[in-house]
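Visitor: Sharing a model prediction with you, sequence too.
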Amino acid sequence: MADQDEPGFGRRPLMAGAAGMLTSLLAGARPADAQSSARRGALVIGLDISDALSLDPVRVYQYSNPLPTRAAYDGLVTYDAGDNITIKPALATEWSYLPDGKTIRFKLRPGVKFASGATVTAEDVRFSFARHLNIKDQPFQYISHVESVAVVDATTVDLVLKDPTLPVISIIATPAFGIQEKALVVANGGTDAADAKDKDKATEWLNNNSAGAGPYRLTGWQRNQQIQMVRNQNYWRGAPGYERVLIRHMSESAAQLLAIQRGDIDVAFNLIPEQIATLKNDPNISIMGTPSLDFIYMAVAEAPSNPALQNKLARQAIGCAIDFDGIIKNLAGGAAVRPTSFLPVGTNGSTEALTKEIGFNEDLPKARRLLAEAGLPNGFKFQLAYGNAAIAGVTYQNLAQKIQADLARVGIVAELAPMDQVNLRTMFLGGKAEAVLTFWNPPAPENWLWTSATVNRVAKRVVWDVPADMHKLVADAGAERDLAKAAVLYREYQKRMVDFAHHIVLVQPVYQVAVRKSVSGLNLTAAGWMADLAAAKPG
Amino acid sequence: MIRYVVSRLVTAVVMVLLATLVIFLIANTVPGDPALAALGDMQASDPVQVREFRARWGLDLPLWEQYWLFLKRLAQGDLGISISSRRPVLADIIDYAPATLELATIAFLLSLAVGLPLGVVAAVKRDSWVDHVARFVALIGVSAPTFWLAFIMLAIFYGQLDWAPGPGRLDPIAFPPDRITGLLLIDTALAGDWETFRDAAAHLVLPSIVLAASTLGLITRTTRAAMLEALSQDYVRVARAKGLLARVVVTGHAVPNAMLPVVTLGGLAYANLLTGAVMTETVFGWPGLGRYTFRSAVTVDFPAIMAITAIVAAIFVLVNLLVDLSYALLDPRVARA
């Protein structure tokens, strides 16, 4: 089959040809001016978006998708960056409980327009909540105590609660409860009818388009690739600073590091502490820190398989034998704080000072004393399970080894049990684990979402028979609408939680985000959507 | 010949089904619960909702019935709905496959374009500097971990020298072309958008070199070994004795005879590139099937896992078949047999 007249494998022409082709391809392929005008008009964000399942607000509950959802949809109320306690007006200008005690009346901001140009009306608000109530995806769970939504007039809407003692206003600040333009959603298959769970077909459209009144409008989502948004010229707070926002999927933090150094992305969300350290002296990049409301904790169960763990004093001994400061300093690179218990620092009634005062603190003599009182002077054994993952650069593996070494000082033996995340979750949720290292991130900065979880579903996982007075404490604190009075109750809650010693909170990361200095006004938030893009602008 | 092809195709279908059965049984023995992996924390804690979820996805049926349902749907060309993306698996695969196909094909062509001539020359000029270079390239290619190589390439050619573009298929601010095939090079060419074509091509350079590395190593080594054997044969000695030009002896006599093992390896290597680019895709932010496969596995997404198994098995079986058929073209003795 070889043709004798062919010149054959002239290696030099071929190889040189390949090399030449590569060179000519790459020459000039790099936009030398990374700050060209097209680039200045676009805010490019590097973020791992592989977890996102949907950009339809009623189905937004993962970690990364609240960011674009908040950019596309404004809600009735919001939190300002840096303050996770005081609720601020957004599409609603005022709200109050009616005398019946169970109806909250919202007054809408007049003249606000959706990105489409249509005016935001009370009917749009009703539709948005009714769609949640009938589709019943995960975000609905947080407002399942809402009975109905009713239009009073074009700019007034009532939210009626089944159980008025449960908080709701703080929860609906979260991006999932952004207001959707009814006409647009209905035109694309959406419905808020009672059978919406099966009949609503708008999700596919809403995954690639948005129907909101936020600063940017969604124009496309290529999964595992990027999310594209354009400026909403009608934005009620004034036209946003960028023509486009591009959220670029980058699952590898090292790739994010290179891309922000080169100026291909303007914001890098997923850098680990060592990478942040290499950027400290970069003249083009500033590092912004935002204390998150997320934390890594160790759940210690009253496991039927382990009599020692059923003893409260033994669990407390674990809490007194851990070198918490060492974990924060060495594993988290100092970029973390530590709350007293299951309420992160920065929420109402939780501070770092309180942790020093009433939280777990390293105290080896006390740990030994507790063990002796528990009748276990020589310590005990338990299994510590964890997943193959890392939070803000802290790997569970390193954390587990550190805890193992710390506990060994008082004779407690932690047998490490690494496993994949799904197996871990299956075991933990099934109440089959002795102790687990895991992570908690909140849907909204509402204390009750943490506290009710600990005495209900999380209690089952640690095989904890919660006493009635603890349930009452959580209910009373949730129902208290005076922040100062609630703070007192939450202090008591944290004290009790430390005493029960089922949850030992280890690390609440201060997320460090690298931002090019060519970007200003980007406000990071811990309230659940990473950043407010409304005020971000070039220069 | 036709009977041979038909019988091979029938065997192929059986092989693919067997592969799906094995994966189905393995996936069902892991302790991880797909319902708990897919549901949010509150839903996963509510037994009623977990039960509803299982019923909706058919996870509450007996194993044999679940597998039977999979087969029935497969026969109708329906790959089911992915538990983790909540979209038809077929739609997911159509989304992700072109990125991988484009990358793997370019990487394969690259490894052939470099590996074949390098292997031939290395054998002809045995123990010369070319041979040493070839052996070094082969060694690095085969032994360097992809993850490491990808980062080194990225750090040097993107981070330091700024010669190559960064991760992803296109510059972040570029507008992707209208989707026709999903292959960016083809779509941009069809649209006549040469600027974006160039951008897409430039983005392919680093990942395709990284992905090609191990295949390149294998092809170089195999070509070299096969050529050395061919060059030691009597017919080559005869050809030389006849006074033929050295070039004609190599390209006309030795190379065609050395190609059989290279074709076998090349086929398998291409199948490997198509199905095994997880690491390269991860580092280069490449939205391909490798990442999708990985994610399906860690979320115990049965429909996606099963569909991918079927596709991967089909690719391997088909490539093998094509390789075997190409023997008939390359080696007249096979065709006659």
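Guide: All right, it came through fine. Numbering: from 1, shown residues only, chains lettered A, B, ... in the order given.
Visitor: Now do the same for residue B:304: its pLDDT.
Guide: Looking at residue B:304, its pLDDT stands at 89.
Visitor: Can you tell me the closest non-neighbouring residue to it?
Guide: Setting aside the residues directly before and after it, residue B:304 is nearest to residue B:296 in space (CB to CB, 6 or more residues apart in numbering or on different chains), at 3.7 Å. For the C-beta atoms, the positions are set from N, CA and C on the backbone; glycine is no exception.
Visitor: which strands and helices sit next to the helix or strand residue A:247 falls within?
Guide: Using DSSP states H and E, residue A:247 sits in strand A:244-249. In terms of contacts (3 or more CB pairs under 8 Å, 6 or more residues apart in numbering or on different chains; DSSP states H and E), strand A:244-249 is packed against strand A:42-47, helix A:66-72, strand A:226-231.
Visitor: outside of it, which residues touch it?
Guide: If you take CB atoms under 8 Å, 6 or more residues apart in numbering or on different chains as the criterion, strand A:244-249 is touched by A:41-50, A:67-68, A:71, A:216, A:224-231, A:259, A:265, A:533, B:168, B:172-173, B:285, B:287.
Visitor: still on that earlier bit, how about the helices and strands packed on strand A:244-249, which one is nearest chain B?
Guide: strand A:42-47 (4.5 Å; CB to the nearest CB).
Visitor: ok so, going back, what comes into contact with the one helix or strand the residue nearest to residue B:304 maps to?
Guide: Assessed by DSSP H and E, residue B:296 sits inside helix B:289-298. Surrounding helix B:289-298, the residues in contact under the criterion CB under 8 Å, 6+ apart are A:50, A:224, A:251, A:420-422, B:82, B:84, B:92-93, B:96-97, B:99-100, B:274-282, B:301, B:304-305, B:308.
Visitor: Can you report how many residues lie near the residue in the stretch 101-250 of chain B that chain A sits nearest to?
Guide: Nearest residue of the stretch 101-250 of chain B to chain A, counting by CB to the nearest CB: residue B:202, 3.3 Å away. The number of residues packed near residue B:202 is 21, by other CB atoms under 10 Å in any protein chain shown.
Visitor: orientation of the strand holding residue A:247 relative to strand A:42-47 in degrees?
Guide: 20 degrees (axes from the mean of the first three to the mean of the last three CA atoms, to 10 degrees).
Visitor: Tell me the helix or strand right after strand A:244-249.
Guide: From strand A:244-249, the next helix or strand downstream (DSSP H and E) is helix A:253-262.
Visitor: Measure how far the helix or strand following that following helix is from the centre of its chain, please.
Guide: On the C-terminal side of helix A:253-262, the closest following helix or strand by DSSP H and E is strand A:267-268. The chain centre lies 17 Å from the centre of strand A:267-268; the measure is CA atoms, centre = their mean, to the nearest Å.
Visitor: what about the strands in the stretch 51-200 of chain A?
Guide: A:77-78, A:88-89, A:92-97, A:103-108, A:146-153, A:156-161 (DSSP state E, counting those that start in this stretch).
Visitor: most packed of those strands?
Guide: strand A:77-78 (a mean of 22; mean count of other CB atoms under 10 Å in any protein chain shown).
Visitor: What strands flank it, and is each parallel or antiparallel?
Guide: strand A:88-89 (antiparallel) (DSSP bridges).
Visitor: Identify the residues contacting the partner strand?
Guide: Taking CB under 8 Å, 6+ apart as the rule, strand A:88-89 contacts A:77-80, A:109.
Visitor: Let's have these in a markdown table, adding pLDDT.
Guide: Formatted as a markdown table, those follow (pLDDT from 0 to 100):
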| residue | pLDDT |
| --- | --- |
| A:77 | 97 |
| A:78 | 96 |
| A:79 | 94 |
| A:80 | 92 |
| A:109 | 96 |
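Visitor: Of these, which is the nearest to residue A:473?
Guide: Using CB to CB, residue A:79 is the member of the contacts of strand A:88-89 that lies nearest residue A:473, at 25.2 Å.
Visitor: how about that closest one, phi and psi?
Guide: phi -120, psi 140 (degrees, to the nearest 10).
Visitor: mind listing what it touches?
Guide: A:86-88, A:173, A:445, A:525, A:527.
Visitor: With residue A:160 instead?
Guide: A:102-103, A:146-150.
Visitor: Format those residues as a markdown table; extra columns: pLDDT.
Guide: Listed next are the contacts of residue A:160 as a markdown table, based on pLDDT from 0 to 100:
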| residue | pLDDT |
| --- | --- |
| A:102 | 92 |
| A:103 | 95 |
| A:146 | 95 |
| A:147 | 94 |
| A:148 | 94 |
| A:149 | 96 |
| A:150 | 96 |
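Visitor: Can I get the residues you listed in JSON lines including distance to residue B:193?
Guide: Converted to JSON lines, these look like this (distance: CB to CB, whole Å):
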{"residue": "A:102", "distance to residue B:193": "59"}
{"residue": "A:103", "distance to residue B:193": "56"}
{"residue": "A:146", "distance to residue B:193": "49"}
{"residue": "A:147", "distance to residue B:193": "54"}
{"residue": "A:148", "distance to residue B:193": "52"}
{"residue": "A:149", "distance to residue B:193": "47"}
{"residue": "A:150", "distance to residue B:193": "52"}
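Visitor: ok so, going back, now the buried members of the contacts of strand A:244-249.
Guide: Among those, those classed as buried by 16 or more other CB atoms under 10 Å in any protein chain shown are A:42-50, A:67-68, A:71, A:216, A:224-231, A:259, A:265, A:533, B:168, B:172-173, B:285, B:287.
Visitor: out of all of them, which helix in the chain is the longest?
Guide: Here I'm looking at chain A. Counting by DSSP state H, the longest helix found in chain A is helix A:483-500.
Visitor: meant chain B actually
Guide: Chain B, longest helix under DSSP H: helix B:194-231.
Visitor: buried set for it?
Guide: B:196-228, B:230-231.
Visitor: any low-confidence regions in chain A?
Guide: Along chain A, segments meeting pLDDT under 70 span A:1-38.
Visitor: how about 80 then?
Guide: A:1-40 (pLDDT under 80).
Visitor: Now render the contacts of strand A:88-89 as JSON lines, adding distance to residue A:516.
Guide: Formatted as JSON lines, those follow (distance: CB to CB, whole Å):
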{"residue": "A:77", "distance to residue A:516": "31"}
{"residue": "A:78", "distance to residue A:516": "26"}
{"residue": "A:79", "distance to residue A:516": "26"}
{"residue": "A:80", "distance to residue A:516": "23"}
{"residue": "A:109", "distance to residue A:516": "33"}
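Visitor: Out of the residues you listed, which is nearest to residue B:178?
Guide: residue A:78 (37.0 Å).
Visitor: Could you measure from the closest residue to the closest one other than its chain neighbours over to residue B:155?
Guide: With sequence-adjacent residues excluded and distances taken as CB to CB, 6+ apart, residue A:78 is closest to residue A:90, at 4.4 Å. Distance, residue A:90 to residue B:155, using CB to CB, to the nearest Å: 43 Å.
Visitor: sorry, back to before: between the strands of the stretch 51-200 of chain A, which gets nearest to residue A:198?
Guide: strand A:146-153 (20.7 Å).
Visitor: quick one on the thing from earlier: which is the next helix or strand following the longest helix of chain B?
Guide: Next element after helix B:194-231 (DSSP H and E): helix B:234-241.
Visitor: So which residues make contact with that next one?
Guide: Against helix B:234-241 from outside (CB under 8 Å, 6+ apart): B:230, B:246, B:248-249, B:252-254, B:257.
Visitor: what distance separates the helix or strand hosting residue B:247 from the centre of its chain?
Guide: According to DSSP H and E, residue B:247 maps onto helix B:246-248. Computed by CA atoms, centre = their mean, the chain-centroid distance of helix B:246-248 equals 35 Å.
Visitor: do stretch B:24-32 as well
Guide: Worked out by CA atoms, centre = their mean, stretch B:24-32 lies 25 Å from the chain centre.
Visitor: Test my guess that residue A:109 contacts residue A:94.
Guide: No. Residue A:109 lies out of contact with residue A:94 (CB atoms under 8 Å); the separation is 9.6 Å.
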